[in-house]
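**Student:** sharing a sequence plus its predicted fold:
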Amino acid sequence: MEATYKFGPYKIDAREVFHATPLSYAMVNLRPLLPVSQLGIILSSALAEREVKRFVDLSSDEISDLWITAKEVGARLEQYHKASSLTFAIQDGPQAGQTVPHVHIHVIPRTKGDFEKNDEIYDAIDVKEKELKEKLDLDIERKDRTMDEMAHEANEYRALFS
């Protein structure tokens with residue numbers, strides 16, 4: 001039986017997931033912050049077993065597993081994409097820009113010059129989160145990747161963990 005994944009109220013197709021632990025999983029993003037050709041892929045790690053809306057509601061074991069998973073995913077993707085740095089970002093609650101009510105970490109491989117000013121990435125994250133919320137709520141002006149595109153990317157990343 002194939003594993004099932006939830007991301008808040010949404011079901012995640014197993015083809016989007018490229019790494020999993022008993023408490024966390026890593027998946028490719030429907031709307032990457034940067035185009036793949038520019039190597040900026042957002043990856044989300046979220047708890048697989050239960051829906052947890054806020055970071056403070058995680059157990060110590062869940063926090064540890066989530067951050068260890070983020071570290072391992074980040075290290076492999078930084079090397080794979082020949083990046084020189086990583087951005088780890090959590091938007092914890094609606095006023096922080098969280099649009100999917102589920103704890104997740106954005107893991108973003110970074111290269112010199114991917115943003116003119118380094119902190120512009122946080123504004124870009126906010127914009128993409130708002131676009132995603134509009135898509136989920138209203139399904140307007142989709143710029144989503146196809147399942148085939150996401151599955152292909154996840155397959156490439158899955159090989160990094162085998």
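**Tutor:** Looks like it arrived, so ask away.
**Student:** longest strand in this protein, by number of residues?
**Tutor:** In terms of residue count, the longest strand belonging to the chain (DSSP state E) is strand 104-110.
**Student:** quick one: find the helix or strand in the chain with the lowest mean pLDDT.
**Tutor:** Every helix and strand in the chain was compared by mean pLDDT, DSSP states H and E; the lowest is strand 43-47, with a mean of 48.
**Student:** follow-up on the earlier one: could you give me the average pLDDT of the longest strand of the chain?
**Tutor:** Taken as a whole, strand 104-110 has an average pLDDT of 86.
**Student:** would you state the strands of the protein in chain order?
**Tutor:** Using DSSP E, strands in the chain cover 5-7, 10-12, 17-20, 24-28, 43-47, 85-89, 104-110.
**Student:** adding mean neighbour count, write those strands out as a markdown table.
**Tutor:** Bear in mind the C-beta positions are built from the backbone N, C-alpha and C, glycine included. Shown next, in a markdown table, are those (neighbours: other C-beta atoms under 10 Å):
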| stretch | mean neighbour count |
| --- | --- |
| strand 5-7 | 18 |
| strand 10-12 | 14 |
| strand 17-20 | 21 |
| strand 24-28 | 26 |
| strand 43-47 | 24 |
| strand 85-89 | 16 |
| strand 104-110 | 24 |
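**Student:** in CSV: those strands, plus distance to residue 71.
**Tutor:** Below are those laid out as CSV (distance: least, C-beta to C-beta, whole Å):
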stretch, distance to residue 71
strand 5-7, 20
strand 10-12, 21
strand 17-20, 12
strand 24-28, 11
strand 43-47, 10
strand 85-89, 9
strand 104-110, 9
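**Student:** low-confidence ranges in the protein?
**Tutor:** Residues of the chain meeting the criterion pLDDT under 70: 1, 32-49, 115-143.
**Student:** which parts of the biggest helix by length in it are buried?
**Tutor:** For the chain, the helix that runs over the most residues, judged by DSSP state H, is helix 60-80. For helix 60-80, burial by neighbour count (16 or more other C-beta atoms under 10 Å) applies to 62, 65, 66, 69, 70, 72, 73, 74, 76, 77, 78.
**Student:** residue 16 contacts residue 150, correct?
**Tutor:** Yes: because the distance of 5.0 Å satisfies C-beta atoms under 8 Å, residue 16 is recorded as touching residue 150.
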